[in-house]
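Visitor: model this:
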Amino acid sequence: MDFITSVIASALGSLSFETVKHGYTKIKEVLGRRYGADSKVYKALQELEDDRESAGRRAVLAEELVKVHDDAELRQAIEALVEALQKSGQTLAKPQVDARGSKIGIMGDYAHVTTVNA
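Guide: Numbering: from 1, shown residues only. Okay, here's the model as predicted:
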């Protein structure tokens, strides 16, 4: 799950906070207006709303968001939502990576890795 999808997933679990709800609604409005209610990205967002815990629906949304990630207006809406989540004391959903059978390098401050043998 990428950063933007993590932000959206966190917002879906925090819609009781008015600022978070407003920020999420703005993202949905931007996607609907710029790409249409029948677009894959908008439908993926709606599907995740219907089943917030679904890893598959999060993956589909992440895949569709990659196609529109250069959208400046969407980026502004995401930044506003991150700020709203932080002000409300909410934490972002943690990205998950499935790398079974792969070699991974991790860089950055405070990188924590949990391994699961599956």
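Visitor: Nearest residue to residue 41 in space, please, no chain neighbours.
Guide: Spatial nearest neighbour of residue 41, chain neighbours left out: residue 64 (4.0 Å); criterion: C-beta to C-beta, 6 or more residues apart in numbering. (C-beta placed from N, C-alpha, C; glycine too.)
Visitor: Ok, residue 62 next?
Guide: Nearest to residue 62 is residue 5, by C-beta to C-beta, 6+ apart, at 4.3 Å.
Visitor: Show me which helix or strand of this structure is least confident by mean pLDDT.
Guide: In the chain, no helix or strand scores lower on mean pLDDT, DSSP states H and E than helix 3-12, which sits at a mean of 88.
Visitor: In that one, which residues are buried?
Guide: 4-12 (16 or more other C-beta atoms under 10 Å).
Visitor: for stretch 73-85, same thing?
Guide: In stretch 73-85, counting by 16+ other C-beta under 10 Å, buried: 74, 77-78, 81-82, 84-85.
Visitor: Just the ones in helices from the residues you listed, please.
Guide: 74, 77-78, 81-82, 84-85 (DSSP state H).
Visitor: from those, which two are the most distant?
Guide: Farthest apart among those by C-beta to C-beta are 74 and 85. That separation is 16.3 Å.
Visitor: still on that earlier bit, and the residue nearest to residue 62, what does it touch?
Guide: Shown in contact with residue 5 (C-beta atoms under 8 Å, 6 or more residues apart in numbering): 58, 61-62, 65, 95.
Visitor: could these be laid out in a markdown table, adding secondary structure?
Guide: Formatted as a markdown table, the contacts of residue 5 follow (DSSP: H, G, I helix; E, B strand; the rest coil):
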| residue | secondary structure |
| --- | --- |
| 58 | helix |
| 61 | helix |
| 62 | helix |
| 65 | helix |
| 95 | coil |
